[in-house]
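Enquirer: With the input below, show me the fold.
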Amino acid sequence: MADLIVKAAVKDAIDGNVSGDFYDALDEEVHEILADAARRADENNRKTVQARDL
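Expert: You can find the predicted model right below:
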């Protein structure tokens, strides 16, 4: 599984400390969101994932 998040950007966005396991959990959530969006586009006979698929 590829890392989709930028740890430095996440840390900058959060005002405080970030535990190491948070990044893995966030990356997993992003993967799930992307898979759901791709599935929705496919179900609507589209090859392009659009904002409305989120």
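
Enquirer: Need the contact partners of the one helix or strand in the chain whose mean pLDDT sits lowest.
Expert: Confidence across the helices and strands of the chain bottoms out at helix 7-13, with a mean of 91, counting by mean pLDDT, DSSP states H and E. With contact meaning CB atoms under 8 Å, 6 or more residues apart in numbering, helix 7-13 is reached by V18, F22, Y23, L26. Where you see a C-beta, it was placed from the backbone N, CA and C, and this is true even at glycine.

Enquirer: Just the buried residues of that helix, please?
Expert: By 16 or more other CB atoms under 10 Å, helix 7-13 has no buried positions at all.

Enquirer: Skip ahead from it and say which helix or strand is next.
Expert: Following helix 7-13 in sequence order, the next helix or strand is helix 20-43 (DSSP states H and E).

Enquirer: What is that following helix packed up against?
Expert: Packed against helix 20-43 by the contact rule (3 or more CB pairs under 8 Å, 6 or more residues apart in numbering; DSSP states H and E) you find helix 7-13.

Enquirer: where does the helix it packs on sit relative to the chain's centre, distance-wise?
Expert: With CA atoms, centre = their mean, to the nearest Å as the basis, helix 7-13 stands 14 Å off its chain's centre.

Enquirer: which of the contacts of helix 7-13 are buried?
Expert: Y23, L26.

Enquirer: out of the contacts of helix 7-13, who's nearest L4?
Expert: Distance to L4 across those (CB to CB) is lowest for L26, with 8.8 Å.

Enquirer: Can you tell me the SS state at the closest residue to that closest one other than its chain neighbours?
Expert: Nearest non-adjacent residue to L26, counting by CB to CB, 6 or more residues apart in numbering: I5, 5.6 Å away. Look at I5: counting by DSSP: H, G, I helix; E, B strand; the rest coil, its state is coil.
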